[in-house]
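Colleague: pasting the sequence and the predicted coordinates here, then a few questions.
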Amino acid sequence: MQRFFNGLKYYFLGLLFLATIFVWYAVWLESRNGLLVAFLDVGQGDAIFIEALNGNQVLLDAGPNKKVLSELSKIMPFYDRTIDMVIESHPDSDHIGGLIDILRRYKIGVAMETGVDSDTAVYKTLENLIKEKEIKKIIVRRGMRINLDKGAYIDILFPDRDVSGWDTNDASIIARVVYGNNSFLLTGDAPQKMENYLVFIDGEKLKSNVLKLGHHGSKTSTSEIFLGYVNPDYAIISAGKDNKYGHPHKEVIDEMNQFKIPFLRTDEKGTIKIRSDGEEIIF
């Protein structure tokens, strides 16, 4: 008789577990409303998680360390252990350090990078993991479009050539995420000279609702002419609290105020989640 009651207990516990998973899944489905672009609080670094309504996911950079795992766990359901694509904006450790743990914990479909060379241990470890796990690697070029869902895509604006011998910041991927009438411009650590080059070749096509400021709000990025052409409704600064570089620099903050652009900082707000229904930007 005791064995019968024990079996019954485990049966009901199993049902409760399945019910919990079902409720979790239902809540997750309900929360998915349009395109999600989340600027993760990974300290002094960049990590941007993008998820389309159909569930396609892209992680652009992953910060300097495994903190990205805890931030992703707040956004992705606990049972989701796949990410369709990871993109390395450039191989500096504050952008790719966390990707090592991502590749070890998640199944990755495709890895994209600029092809710029780096002799750091972090980059070599990451490249070895990509080979070991047989992840398809793509070298990005201007003109590539990553289709996320109907009406949602990522356009690669830069690099537009072989950058293998370049300075890593100069070679940063600059990408524009588009959903309907909304757009997000993501600039890695691109310096002003690269921003101004894009102004020369794209001009008013750079107009975007949200701009992720280059190089964590450093004065080496965000030129006035670039900011004028992008003309964002909001700006995002991804930086670590009390970081040793003084990011974001006062010059950039003054520039935001001069142009009357509202800005949010991960060092103050934590992870910043933005949703788009194709018409409106919703924080």
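Modeller: Sure thing, it's come through.
Colleague: give me the nearest residue to the spatially most central residue of the chain, chain neighbours excluded.
Modeller: Geometric centre of the chain, nearest residue: residue 48, 1.6 Å, by C-alpha atoms, centre = their mean. With sequence-adjacent residues excluded and distances taken as C-beta to C-beta, 6 or more residues apart in numbering, residue 48 is closest to residue 60, at 4.3 Å. Just so you know, the C-beta spots here come from the backbone N, C-alpha and C atoms, and that holds for glycine as well.
Colleague: what does the pLDDT read for that neighbour?
Modeller: On pLDDT, residue 60 comes in at 98.
Colleague: do I have it right that it meets residue 87?
Modeller: Yes: the pair residue 60 / residue 87 is scored as a contact, 4.5 Å apart, by C-beta atoms under 8 Å.
Colleague: now for those two: what residues contact both?
Modeller: Listed as contacting both residue 60 and residue 87 by C-beta atoms under 8 Å, 6 or more residues apart in numbering are 173, 175.
Colleague: can you tell me how far residue 272 is from residue 262?
Modeller: 12 Å (C-beta to C-beta, to the nearest Å).
Colleague: what does the domain assignment say about the chain?
Modeller: 1-31, 34-282 (automatic domain parsing).
Colleague: in the stretch 51-200 of the chain, where is pLDDT below threshold?
Modeller: Counting by pLDDT under 70, the stretch 51-200 of the chain contains no low-confidence residues.
Colleague: and the helices in it?
Modeller: 67-73, 93-96, 99-105, 121-132, 192-202 (DSSP state H, counting those that start in this stretch).
Colleague: can you give the contact residues for the first one?
Modeller: Outside helix 67-73, the residues that touch it by C-beta under 8 Å, 6+ apart are 40-43, 47, 49, 59, 62, 98, 101-102, 105, 271.
Colleague: scan these and report the most crowded one.
Modeller: residue 62 (33 neighbours; other C-beta atoms under 10 Å).
Colleague: residue 107 is in contact with residue 80, isn't it?
Modeller: No: counting by C-beta under 8 Å, residue 107 does not reach residue 80; the two are 10.1 Å apart.
Colleague: quick one, which of the two is more surrounded?
Modeller: Comparing residue 107 with residue 80 by other C-beta under 10 Å, the one with more neighbours is residue 80, at 14 against 11.
Colleague: report the separation between residue 64 and residue 242.
Modeller: For residue 64, the distance to residue 242 - C-beta to C-beta - is 15 Å.
Colleague: higher neighbour count, those two?
Modeller: residue 64 (22 against 8).
Colleague: quick one, phi/psi of the nearest residue to the more buried one once chain neighbours are set aside?
Modeller: Closest residue in space to residue 64, ignoring its immediate chain neighbours: residue 97 at 4.1 Å, by C-beta to C-beta, 6+ apart. Reported as degrees, to the nearest 10, the phi and psi values for residue 97 are phi -60, psi -40.
Colleague: over to residue 164?
Modeller: phi -60, psi -30.
Colleague: which residues sit in contact with it?
Modeller: By C-beta under 8 Å, 6+ apart, the neighbours of residue 164 are 115, 116, 117.
Colleague: ok, it to residue 117 distance?
Modeller: Taken as C-beta to C-beta, the span from residue 164 to residue 117 is 5 Å.
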